[in-house]
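In: need the 3D shape of this:
(chains A and B)
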Protein chains: 2
Amino acid sequence: MNTKPLLHTILSPGLLNLYDVNNSIVVIIDVFRATSTITTALFNGAAKIIPVANVDDCKAIGAQLNAITAGERDGKIIEGLQHGNSPAEYPRSFIDGKTMVLTTTNGTKLLHMALENGAAEVVTGSFPNLSAVCDFLANTNKHVILGCSAWKNRFNLEDTLFAGAVINRIKDNFTIHCDSSMMAEDMYNLHKDHMYNFIRKTTHWHRLSKFGLEKDLEYCVTPDVANVLPIYKDGALTVS
Amino acid sequence: MNTKPLLHTILSPGLLNLYDVNNSIVVIIDVFRATSTITTALFNGAAKIIPVANVDDCKAIGAQLNAITAGERDGKIIEGLQHGNSPAEYPRSFIDGKTMVLTTTNGTKLLHMALENGAAEVVTGSFPNLSAVCDFLANTNKHVILGCSAWKNRFNLEDTLFAGAVINRIKDNFTIHCDSSMMAEDMYNLHKDHMYNFIRKTTHWHRLSKFGLEKDLEYCVTPDVANVLPIYKDGALTVS
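Out: Below is the predicted model of the structure:
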């Protein structure tokens, strides 16, 4: 009898309700750029990151905690917040020991949806912490949902490629009856050796490169450059 | 200035509301098996096919028109309907000149959603009528949405591969800023030369092959064996 836990990939927040979230660890994936920024800030010493769903909450909680407020809508910094959603904004010299309150277009939205749906556990993943995510999932023996944040619910390639990278590494530890997961792994294998070129074809690249973010986006698909595991607990993401 | 019409691929009925359906031709894709059955029945001389959303409507309209009632739920024939959702059930010797009322788990559901969302035009596609679909779309000069019926809103591979096959043939006639479409074409190119083997890996194969439908499923991914274009008009699918 096969007793391996199940792994599914969700290609859009709009499909989250089809899956058994409350018996699963949910990995929030928003490669461009929320979950790349989160792991980078924590890798560089941030005390914690409080993900919030909207700008008003971001401002209010930031003021209350005397924390950094950060976020983006449609790839741009939000008026009234101090910082944006770029990993490059959070070197150790700036972020060490600080608390950040973060709101973004897609990633923090999916994180809150997963919590509202009763996810057993929530972590975040992107290429900069690929190995940390895989090491954690491989040994957990729980069901896993890889949740792609997409773009305003539309499927995107970069989140799918990250899901594929995870599956490629840890599939032997799971039972996978999921066409989304098979597709994600195929896409990862097809493009893994030329990621910097491939991401230039994505719709998100064209959206964000208008703001001069090319280096940012290349960083976001580089494995293990900020290799910690952000885990959500008591309202914040931290590393143990 | 680029004046080519837009082409998008929708990976699940659950994402249909994100797209501008009412300015587009929508291609309903349900490879396993509704749209394979529809094109086969029309190719073999069916007068028309009336797609309906539920079993009660199927029985009522079938009785009223003295038509064949057909359909499936979860891959099985429905009690009280005369026939199932297999292309093999509709050879010319049986279906020529007849009217069929059809209800299925996914394909007829998406078709009705597209109509309710005001689709400018609705046609159906699957590998058996790949060329007819491509010839029609290439010359239409209208926006196109390739609508994958999926499985109870979960992404599936076989519908995506058909979308990829269409894109692969007609992409030069369209503007495509759509990660779903890029992925679909990649997946088609990756698997087009070993389709019969590849479909054995899909979740839908495992679901339907339990009912002994292997030959049916191979037929459904064979190009141009029932090469007509079903167009929806006045409540029914017909070929001109």
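
In: which ones are touching A:K192?
Out: For A:K192, the contact set (Cβ atoms under 8 Å, 6 or more residues apart in numbering or on different chains) comprises A:161, A:165. In this view, the C-beta of every residue, glycine as well, is placed from N, C-alpha and C.

In: distance of it relative to chain B?
Out: When distance is defined by Cβ to the nearest Cβ, to the nearest Å, A:K192 is 13 Å away from chain B.

In: and that residue, that's in a helix?
Out: Yes. With DSSP: H, G, I helix; E, B strand; the rest coil as the criterion, A:K192 is located in a helix.

In: what about it, distance to A:L81?
Out: Going from A:K192 to A:L81 by Cβ to Cβ, to the nearest Å gives 35 Å.

In: so the closest residue to A:K76 other than its chain neighbours versus A:L217, what's the distance?
Out: If you skip the residues right next to it in sequence, A:K76 has A:F211 as its closest partner in space, 6.8 Å away by Cβ to Cβ, 6 or more residues apart in numbering or on different chains. Going from A:F211 to A:L217 by Cβ to Cβ gives 10 Å.

In: between those two, which has more neighbouring residues?
Out: Neighbours around A:F211 and A:L217, counted as other Cβ atoms under 10 Å in any protein chain shown, are more numerous at A:L217. The numbers are 22 against 15.

In: where does that one land in three-state SS?
Out: Secondary structure assignment for A:L217 (three-state DSSP): helix.

In: that one and A:S36 touch, don't they?
Out: No. Judged on Cβ atoms under 8 Å, A:L217 makes no contact with A:S36 at a distance of 9.1 Å.

In: what does chain A put close to chain B?
Out: Residues of chain A lying close to chain B by Cβ under 8 Å from any Cβ of the partner chain are A:11-12, A:14-15, A:18, A:152-157, A:160, A:177-180, A:182-183, A:186-187, A:190, A:201-204, A:206.

In: and with 7 Å instead?
Out: Along chain A, the residues adjacent to chain B under the rule Cβ under 7 Å from any Cβ of the partner chain are A:11-12, A:14-15, A:18, A:153-157, A:160, A:177-180, A:182-183, A:186-187, A:190, A:201-203.

In: can you give me the strands in chain A?
Out: In chain A, strands defined by DSSP state E lie at A:7-10, A:24-29, A:48-51, A:68-73, A:76-77, A:99-103, A:121-125, A:143-148, A:231-233, A:236-238, listed in chain order.

In: show me what the last one is packed up against.
Out: Packed against strand A:236-238, as judged by 3 or more Cβ pairs under 7 Å, 6 or more residues apart in numbering or on different chains; DSSP states H and E, are the following elements: strand A:48-51.

In: just the first one next, same as before
Out: If contacts are counted by 3+ Cβ pairs under 7 Å, 6+ apart, strand A:7-10 sits against strand A:143-148, helix A:179-191.

In: turn the ones you listed into CSV, columns for mean neighbour count.
Out: Formatted as CSV, the entries for the helices and strands packed on strand A:7-10 read as follows, by neighbours: other Cβ atoms under 10 Å in any protein chain shown:
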stretch, mean neighbour count
strand A:143-148, 28
helix A:179-191, 22
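
In: now render these as CSV, adding distance to B:S24.
Out: Putting the helices and strands packed on strand A:7-10 into CSV (distance: least, Cβ to Cβ, whole Å) gives the following:
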stretch, distance to B:S24
strand A:143-148, 25
helix A:179-191, 24
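
In: could you dump these to JSON lines with mean pLDDT?
Out: Converted to JSON lines, those look like this (pLDDT from 0 to 100):
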{"stretch": "strand A:143-148", "mean pLDDT": "98"}
{"stretch": "helix A:179-191", "mean pLDDT": "98"}
